[in-house]
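Asker: Take this sequence and fold it.
(2 chains)
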There are 2 protein chains.
Amino acid sequence: VAAKVEASLAVTMQQIEPLDERAAAAMQATLDAKTKPRGSLGQLEELVCHIAAIRATTELAPLKPVVVVAAADHGVAAEGISAYPSEVTRQMLLNFARGGAAINILAARAGAELVIVDAGVCEPVVDKRIVQLRIAPGTANAACGPAMTDAQTAAAISAGADLASALAESGFGLVALGDMGIGNTTAASAVCAALLPAPAAAVCGRGTGLDDAGVVRKIAVVERMLGVNQPDCNDPLAVLAAVGGLEIAYLTGLTLGAAARRLVVLLDGFITAAAALAAVRQQPLSADYLLAAHRSPEPGHTLVLEALGLKPLLELGLRLGEASGAALALPLIQSALAIAAEMATFAAAGVTDAGH
Amino acid sequence: VAAKVEASLAVTMQQIEPLDERAAAAMQATLDAKTKPRGSLGQLEELVCHIAAIRATTELAPLKPVVVVAAADHGVAAEGISAYPSEVTRQMLLNFARGGAAINILAARAGAELVIVDAGVCEPVVDKRIVQLRIAPGTANAACGPAMTDAQTAAAISAGADLASALAESGFGLVALGDMGIGNTTAASAVCAALLPAPAAAVCGRGTGLDDAGVVRKIAVVERMLGVNQPDCNDPLAVLAAVGGLEIAYLTGLTLGAAARRLVVLLDGFITAAAALAAVRQQPLSADYLLAAHRSPEPGHTLVLEALGLKPLLELGLRLGEASGAALALPLIQSALAIAAEMATFAAAGVTDAGH
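Answerer: Numbering: from 1, shown residues only, chains lettered A, B, ... in the order given. Coordinates of the predicted model:
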């Protein structure tokens, strides 16, 4: 895989630059001049400085936000590792198109545009509100062989990177990542088990609602996926091809493309974190462009957040996916940026500054 | 105090009713029919059901929100227990009036009306955007005797309860509580030390930015406040009079009044939690109307949240006050209510329900 994908991704990966640490330091000085005790916005001040470093400017204001939900089906669902049948992926795509899903409501409340991408659902939903990428009608069953061909993996990653460029051209400053795909916590578990690395039992959780026996079955399936395919754990793109998914590879490409365009990448839950982990293992500089919206109860999510060095904004037991946690965290980010842009300084407001 | 205040508060306290547990159960059933795995919104589902029980209805939608920031000065500031001089209370009131403070920006982003109450700042800010309650020009130094007279305490509590009635009449459904007052983490620490009860050293923290020596001094001052006044720890209003503050008593009254009108009470940080603790010790049923926006680094805040049985929505190291944490948490609450109101059901969307 590496050769094929790297050819198409080579330019993107070279475009990813280190953070602008001078902008971060200048931003902290700006925050320190505002009429509030120094550091009293805690983690939100770190966030603002981090975003200044990503955007390479202290001229910050709430960013134009977009939520991208990538959907795909998973052949491994045939192994009975989800509480829901595969048809639900397509049904939810229709729900997204009609505006009835959680992410429709949450993205609207957060003032974010919503882009839904069919990266490879078994049956199409013909609707102009859905981007019809459809690289394949779902992956193959990764418990029996590779989930994707090298060409499919390369196509998904490239398409994700291309979307990032288009979003940057359209003036978006923040892209929130989301997923939909019955069976995709199993695929994400296999990707993370390979890349962290970690035992299958340490990363597998209940997903959308497995019982204890279901989790035991899922662990065995992840072990089979890795045993059958034996992906090279030092080759993140090979891991994606072997045990990942079309939406996961797409989100990996989107992460790399967004980092190359200095967009803030807001991760949702476990699936998007797995996609980002693959991106970071491919190009470590991309880690600096990531924010974690929340910590889900999936045990693998905590492991990936630690591996990526990310401190989530929310910890509310969310396990819905669809970028729902990212959309919920978005107002925190926008409010913190508004503080940076709009709040009075000690000098302008005539407030005595304790100076520390 | 008890007799005097209880006369004016008797009606309010009798109006506070238990939660509507049937509305909570019906709300959970409604959420379970929505197109998402059961319980997948975690703490936000509990929140929606709790609000249904407060409002005694399942016909929920985002609530009309108001942020109330009560400000006052504290005689105990003379003991050198704050990083900032007392004048800053008035300066910040002016900053609120001019729209330059953090809460101006955060309340606007949350779509909340902002009410600023001068409950007793030393020097007035003459501005129509500030409610001129001004029960006294600050409290007396509680390290030398009672902070307030019984009449002042009663007046502050009654005025807070009256505002709640007025807010309910105006159609507000949620009131976020906030505070401003140099020295008020010391007053709140003394109130909490008395009511929890807990040693002064267990509740005192850095406030707006004390160093280690400052915290040691603050602990000694809180011990003197309690030693000099010897308030009856079983009489929360006597504790408020002895070691509390005008804005704290006002927020206690606001909490009781809001509970009597079935308003959702969203607490900010340590000061508002101390005020709510006094309300709950006076009328235990009022506890059911409280939500905690965040957990601050003040050690006393965690103790009060535990005593009140509250699980905060955010934990971001916020220690700004002014209702800033409450305003930051508000979009989470409104988004959760929007989910309850607007999301499609499995049946309506044609999505297969796993049924668990």
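Asker: can you tell me if the helix or strand harbouring residue A:22 touches chain B.
Answerer: According to DSSP states H and E, residue A:22 maps onto helix A:21-32. No: using Cβ under 8 Å from any Cβ of the partner chain, we find that helix A:21-32 stays clear of chain B, coming within 10.7 Å at best. C-beta coordinates here come from the backbone N, C-alpha and C atoms, glycine included.
Asker: Can I get that helix in CSV? Just the C-alpha atoms.
Answerer: Extracted in CSV, the C-alpha atoms of helix A:21-32 (Å, rounded to 0.1, in the frame of the first residue of the first chain):
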residue,chain,number,x,y,z
GLU,A,21,4.9,28.5,18.6
ARG,A,22,5.4,32.3,18.4
ALA,A,23,1.7,32.8,17.7
ALA,A,24,0.9,30.6,20.7
ALA,A,25,3.1,32.7,23.0
ALA,A,26,1.7,36.0,21.6
MET,A,27,-1.8,34.7,22.1
GLN,A,28,-1.1,33.9,25.8
ALA,A,29,0.1,37.4,26.3
THR,A,30,-3.1,38.8,24.7
LEU,A,31,-5.2,36.6,27.0
ASP,A,32,-3.2,37.8,30.0
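Asker: Which elements pack onto it?
Answerer: Where contact means 3 or more Cβ pairs under 8 Å, 6 or more residues apart in numbering or on different chains; DSSP states H and E, helix A:21-32 is packed against helix A:43-55, helix A:324-342.
Asker: And the average pLDDT for stretch A:267-277 is what?
Answerer: What stretch A:267-277 shows for mean pLDDT is 98.
Asker: Pull the distance from that stretch to the chain's centre.
Answerer: Distance of stretch A:267-277 from the chain centroid (Cα atoms, centre = their mean, to the nearest Å) equals 4 Å.
Asker: swap in stretch A:131-143?
Answerer: Its chain's average C-alpha position is 19 Å from that of stretch A:131-143, according to Cα atoms, centre = their mean.
Asker: just stretch A:200-218 next, same as before
Answerer: On Cα atoms, centre = their mean, the centre of stretch A:200-218 falls 21 Å from the chain's centre.
Asker: buried stuff in stretch A:334-345?
Answerer: Using 16 or more other Cβ atoms under 10 Å in any protein chain shown as the test for burial, stretch A:334-345 gives A:334-340, A:342-344.
Asker: Kindly report the same for stretch A:268-287.
Answerer: Neighbour-count burial for stretch A:268-287 [16+ other Cβ under 10 Å]: A:268-283, A:285-287.
Asker: Keep only the residues you listed that also lie close to chain B.
Answerer: Among the buried residues of stretch A:268-287, proximity to chain B is found for none (Cβ under 8 Å from any Cβ).
Asker: Take these and keep only those in helices.
Answerer: Here DSSP state H is the test, and these give A:270-282 as lying in helices.
Asker: out of those residues, who's nearest residue A:110?
Answerer: Using Cβ to Cβ, residue A:272 comes nearest to residue A:110 of those, at 16.1 Å.
Asker: surely the closest one meets residue A:180?
Answerer: No: Residue A:272 lies out of contact with residue A:180 (Cβ atoms under 8 Å); the separation is 11.3 Å.
Asker: just to revisit the earlier point, and among the helices and strands packed on helix A:21-32, the most buried is which?
Answerer: Mean neighbour count (mean count of other Cβ atoms under 10 Å in any protein chain shown) peaks for helix A:324-342 among these, with a mean of 25.
Asker: average pLDDT for that helix?
Answerer: Helix A:324-342 comes out at a mean pLDDT of 98.
Asker: picking that back up, would you mind giving the helices and strands packed on helix A:21-32 as a markdown table with distance to residue B:69 added?
Answerer: Putting the helices and strands packed on helix A:21-32 into a markdown table (distance: least, Cβ to Cβ, whole Å) gives the following:
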| stretch | distance to residue B:69 |
| --- | --- |
| helix A:43-55 | 19 |
| helix A:324-342 | 16 |
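Asker: got those as JSON lines, with distance to chain B columns?
Answerer: Formatted as JSON lines, these follow (distance: least, Cβ to the nearest Cβ, whole Å):
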{"stretch": "helix A:43-55", "distance to chain B": "4"}
{"stretch": "helix A:324-342", "distance to chain B": "4"}
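Asker: can you tell which of these is closest to residue A:261?
Answerer: With Cβ to Cβ as the measure, helix A:43-55 is the member of the helices and strands packed on helix A:21-32 nearest residue A:261 (10.4 Å).
Asker: got the residue ranges for the strands in the stretch 201-350 of chain A?
Answerer: Shown for the stretch 201-350 of chain A, the strands assigned by DSSP state E, counting those that start in this stretch span residues A:264-267, A:290-292.
Asker: how far out from the middle of the chain is the last one?
Answerer: Distance of strand A:290-292 from the chain centroid (Cα atoms, centre = their mean) equals 8 Å.
Asker: Partner strands of it and their direction?
Answerer: Paired strands of strand A:290-292, with direction, are strand A:264-267 (parallel) (DSSP bridges).
Asker: Pick the most deeply packed of the strands of the stretch 201-350 of chain A.
Answerer: strand A:264-267 (a mean of 28).
Asker: Using PDB, list the CA coordinates for it.
Answerer: Provided in PDB are the C-alpha atoms of strand A:264-267 (Å, rounded to 0.1, in the frame of the first residue of the first chain):
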ATOM      1  CA  VAL A 264      -8.200  22.800  13.200                       C
ATOM      2  CA  VAL A 265      -9.200  19.100  13.300                       C
ATOM      3  CA  LEU A 266     -11.800  18.300  15.900                       C
ATOM      4  CA  LEU A 267     -12.000  14.600  16.700                       C
END
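Asker: still on that earlier bit, chain B: which of the ones in helices among the buried residues of stretch A:268-287 is nearest?
Answerer: Using Cβ to the nearest Cβ, residue A:270 comes nearest to chain B of these, at 12.5 Å.
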